[in-house]
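Undergrad: Only the shape, not the letters, is given here:
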């Protein structure tokens, strides 16, 4: 499989990890899920992200899940695997395993202990050394979750220092000014920038130079539609699509119940057999479900109106 | 002026604090702003909130601004004043001053040093003692900003312990389950619950028992329209209004530039003379402004469509 | 091997994990270290704690290290293994492995996402379910590192809810009032309380009802001596010993370089072959080392004076 | 009064703020306290620091307290006033007032919202603009409390950018390597560095280039003695003094009850009439007091031994 590089674009779906109702890995649903995402037009996959319940898997389960996705995809699109870890030994162990199995690269979020600019740069240098200078990696910039704040100049230093840094997952909030600043940097190698945050700022981010999205909203057709409309030079069309999905996207982006909502919708759409999360994880109430159903009905109507 | 009590409902607008371009308090704009908010149908005011740049004012400026608003309103609707302070002496000093001038109550956010349930309850008991047991107050539950996390049982304990606690500003995120839990508590005195977060979850919050909103989106007609539609038993109408404003409301809710966007719109609408923030505060870029204008144009069109 | 229970007392040494200069696990040094700790009079071991560089080991390395210690000890004293993990599957996997190998119990620190009293109690209930109700465990209360703050009443709720909770590692700072409050709780099952923080408050903690220490200062004879003096009813003798070691204990307790200092001293004392830490970890400067040597010389002199 | 400059050295005592038992400012005790500190050999005062309960005072009380100290000192030694504030308007207001009254400079801690290196530098540039380029100021580097982490290079940038930055209050923990790094910077203007943290690392800090201490341990003779011994080239004598006071200094440095312990000792020594803290603040228990008394007795004995 080809390795990830700076030209990556489109929609890298942040995949959920399907479980059965009893909490076991559901590999049958995994196949169906891979097919579903491909049918929606995604251009890549990201496995074992935060919304993939990665920390709740054992190493053996993580490897088994990645293998299954890679087998089903059979090289059609690149797969990025989340390899963030409190220690470099575990990070290197998982990275080696998944790269050997055919992953295209790994994604690394910084640990919350990093405080100063220099500490952040040094951390990525150490991480790159641990996974090997030949392994392409994605910097995950998600301060709301990691509590690590990277100035644009810090990202530029990482990109300059490490040729294997080929992509930024841009998930700061607010991050629009940061994205503009990064794209305005004359002396920074152009890397791929895909955006997160459930796609809630996707139109503005595309206008400011993002190459696409890396997020997991249960309607991937939203991200695919918006990105393609921008690629086709149709910003108003992009916003029509975006606005139609926005009420539900906003609802799914709630930090606590968000993943339960996403899995509920994916189950409802026939993608996964069970909406179960592993503990600790919330359960949706009847009111939550009624709200989701109301929004889906309205969304369907609105999509028909815009054609 | 009547004091705040548990029956408060509708829209308490989180007022901005107008400055001139050079950073001085702009009391002329203050009058115009009061009139504007009243014309939009608000049922109360909240001054010196976080989005009112309260920490950037001296005590003398704070008092002068509150006096001006109270004079202009002349008792038409109640005014809540933010009195959060690192110390009880300053909290008591400001509270006494504004209550003497005619405020209806004060709002108090907890300091970030509070960690356990007991510490939070004790803090509000001390605060109530400091401002006087007869002064109605609002508990501001805004963990994203304060880093203090109040379980529903903690809020219930505060309400039980302190009769002068008459309102909750509900601004947890996610907070929908918390709101449902609070309204399901059989043995908790029913207090007013107004919601924040820029109104981004207003439909769901109204459905779960909120009495209205306390937030400051630059189109107060959104909050007023949604709350009135729910009061009239028209949830689909409420969502039509909400969805039309959502793209801009989402954009204005960005933590960093949000207030600059809000002031830009209020200036554009002729409410305040200058969009200036006091330092430290962001300035909008040309791209930011273009995005806002795009969204306002689309919003206007959509509002015409829904009638 | 007998399982850990509420009667545990004395000094459970927080063991370092020895590496070679190149960063490999050093199992020969492990044997020597076990013998050394036993000679100093420790009554138990704690492996894979934060100061054991646990997150820097792979699962296979962790198991190999625990096995080696258990084999060398051959049942002489109980061994507690740190099993904190971001997910219950990994926690259960490691716990089963080490308990099968002969560990006496596991220690669990709470994840930083827990905010309210109820969330903390629920977390330990879920953890106990994951590791099995028959597996004794230690609650690690170390808010400076975990950012989770447990009121005494929360600890009491955990103890009441879970019979397999047999010990508290008390490491709050300040924690003296908390320790007194716990021991004054009439209706709480008496569990073992061992204290951490490098032993920096050991005299006061013993006076307030601690059963001993669980910490890793490079001179375990300090903790052993202080605990035994208190057990013998000789508090002034305990403080004489404590005061003699305090300058170095204070120096070793520095959050960043602390472990490097500890390993330097253990290497100097002939316990481990290399003072190396795995990355990320600090290296001592010549000035650091000179300071340590100065303090050791003064400490030796002072110990001779007190006899 | 002369303004603060880069040559400042010795012991700037972090003064407590005396209250009566009922919580009123105690200006009589203030005079006595000023005299006491002077008799111990301090070379400067710092008022309204965190341990001066500054946030619990109204602006009027703050000014009144500063005036009283300045009047009593009558220019004998320089006075630094804590002017940290969430807003520049209040910071400027207090600074102007105290400088007009005769203070030598102000101390400014950064707000917890600052995350990146650039944000920290910009903040101090704005602060300096607010208080006036001619007003000497101290950068307070105290990340355990502020949650702002300044790399040595950031401090160097502030010193370079702002000639009125004449002193660093060094209170990082661990901070020894940082202090060495700062003194090794060839191209950084030499400013005064005084150290905090209750003096718990004073010997090592003096050896690494500190000019003295700025902290408030209830026995200022400890800091004065240690600093003078280093100035006289007698490091072993310095450590003898330090070690004698260390058990109590360690105890007083506890984050929660620390100030109550300090005030208890100052009351016991006849310096202030009441040990009362304003709410929220802890009260000492009988056990706390017994421990303090034990340590004072041992400390007295030890001081006699070392002569």
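TA: In hand now; what should we look at? Computed from a predicted model, the values in this text were never measured in an experiment.

Undergrad: Let me see the contact set for the residue lying closest to residue A:247 once chain neighbours are set aside.
TA: Nearest non-adjacent residue to residue A:247, counting by Cβ to Cβ, 6 or more residues apart in numbering or on different chains: residue A:295, 5.2 Å away. Using the backbone N, CA and C atoms, a C-beta is placed for each residue, glycine as well. By Cβ atoms under 8 Å, 6 or more residues apart in numbering or on different chains, the contact set of residue A:295 is A:247, A:248, A:251.

Undergrad: and which of these is nearest to chain C?
TA: Nearest to chain C among the contacts of residue A:295 is residue A:251, at 21.2 Å by Cβ to the nearest Cβ.

Undergrad: which residues of the stretch 51-200 of chain A fall in strands?
TA: Using DSSP state E, counting those that start in this stretch, the strands of the stretch 51-200 of chain A run over residues A:79-82, A:105-108, A:137-141, A:165-170, A:192-195.

Undergrad: check whether the third one contacts chain D.
TA: I take that to be strand A:137-141. No: Strand A:137-141 stays clear of chain D (Cβ under 8 Å from any Cβ of the partner chain), getting no nearer than 12.0 Å.

Undergrad: residues making contact with that strand?
TA: Residues from elsewhere that reach strand A:137-141, judged by Cβ under 8 Å, 6+ apart: A:4, A:80, A:83-84, A:105-110, A:124, A:127-128, A:131, A:146, A:150, A:155, A:158, A:162, A:164-172, A:175.

Undergrad: Quick check: mean pLDDT of it?
TA: Summarised as a single mean, pLDDT over strand A:137-141 is 98.

Undergrad: List the neighbouring strands of that strand plus their orientation.
TA: Here strand A:137-141 has these sheet partners by DSSP bridges: strand A:105-108 (parallel), strand A:165-170 (parallel).

Undergrad: just the helices in chain A please.
TA: A:27-39, A:59-73, A:88-101, A:117-131, A:143-146, A:152-161, A:176-184, A:202-207, A:220-231, A:235-252, A:258-268, A:286-306 (DSSP state H).

Undergrad: Quick one, which of the ones you listed gets closest to residue D:120.
TA: helix A:117-131 (10.1 Å; Cβ to Cβ).

Undergrad: and that closest one, what does it pack onto?
TA: Judged by 3 or more Cβ pairs under 8 Å, 6 or more residues apart in numbering or on different chains; DSSP states H and E, helix A:117-131 is in contact with helix A:88-101, strand A:105-108, strand A:137-141, helix A:152-161.

Undergrad: Does chain D have contacts with the last one?
TA: Yes: Helix A:152-161 lies in contact with chain D when judged by Cβ under 8 Å from any Cβ; the contacting residues are A:153, A:154.

Undergrad: Could you check the angle that helix makes with helix A:117-131?
TA: 30 degrees (axes from the mean of the first three to the mean of the last three Cα atoms, to 10 degrees).

Undergrad: Could you check the angle helix A:152-161 makes with helix A:176-184?
TA: Comparing the axes of helix A:152-161 and helix A:176-184 via the same axes, to 10 degrees yields an angle of 40 degrees.

Undergrad: so which of the helices and strands packed on helix A:117-131 gets nearest residue C:10?
TA: helix A:88-101 (32.5 Å).

Undergrad: before we move on, back to that, reformat the strands paired with strand A:137-141 as CSV; add mean pLDDT.
TA: Formatted as CSV, the strands paired with strand A:137-141 follow (pLDDT from 0 to 100):
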stretch, mean pLDDT
strand A:105-108, 98
strand A:165-170, 98
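
Undergrad: Can you say which of the ones you listed is nearest to residue C:21?
TA: Across those, closest to residue C:21 is strand A:105-108 (Cβ to Cβ), at 26.5 Å.

Undergrad: what sits up against the closest one?
TA: With contact meaning Cβ under 8 Å, 6+ apart, strand A:105-108 is reached by A:3-4, A:46, A:49, A:78, A:80-84, A:91, A:94-95, A:98-99, A:124, A:127, A:131, A:135-140, A:166-167, A:169.

Undergrad: low pLDDT regions in the stretch 101-250 of chain A?
TA: For the stretch 101-250 of chain A, applying pLDDT under 70 flags no range at all.

Undergrad: and it, which residues reach chain D?
TA: A:115, A:116, A:117, A:118, A:119, A:143, A:149, A:150, A:151, A:153, A:154.

Undergrad: Just the buried residues out of those residues, in ChimeraX syntax.
TA: The ChimeraX command for the buried members of those (criterion: 16 or more other Cβ atoms under 10 Å in any protein chain shown) is given here:
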select /A:115,116,117,118,119,143,149,150,151,153,154
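
Undergrad: which among the residues of the stretch 101-250 of chain A next to chain D gets closest to residue B:238?
TA: Distance to residue B:238, by Cβ to Cβ, is smallest for residue A:143 among those, at 33.9 Å.

Undergrad: show me what contacts that closest one?
TA: A:149, A:150, A:172, A:173, D:115.

Undergrad: The first one touches residue D:113, doesn't it?
TA: This points to residue A:149. No: between residue A:149 and residue D:113 there is no contact under Cβ atoms under 8 Å: 10.4 Å.

Undergrad: and the closest residue to residue A:261 other than its chain neighbours, what does it touch?
TA: Among residues not flanking residue A:261 along the chain, residue A:252 sits closest, at 4.8 Å (Cβ to Cβ, 6+ apart). Going by Cβ under 8 Å, 6+ apart, residue A:252 touches A:198, A:217, A:218, A:258, A:261, A:262, A:265.

Undergrad: Kindly recompute the last result at 6 Å.
TA: By Cβ atoms under 6 Å, 6 or more residues apart in numbering or on different chains, residue A:252 lies in contact with A:258, A:261, A:262.

Undergrad: so what pLDDT did it get?
TA: 98.

Undergrad: Quick check: the gap between it and chain C.
TA: Taking Cβ to the nearest Cβ, to the nearest Å as the measure, residue A:252 falls 19 Å from chain C.

Undergrad: Over to residue A:177?
TA: 28 Å.

Undergrad: Pick out the residue of the stretch 201-307 of chain A closest to chain B.
TA: Counting by Cβ to the nearest Cβ, the stretch 201-307 of chain A gets nearest chain B through residue A:254, at 3.8 Å.
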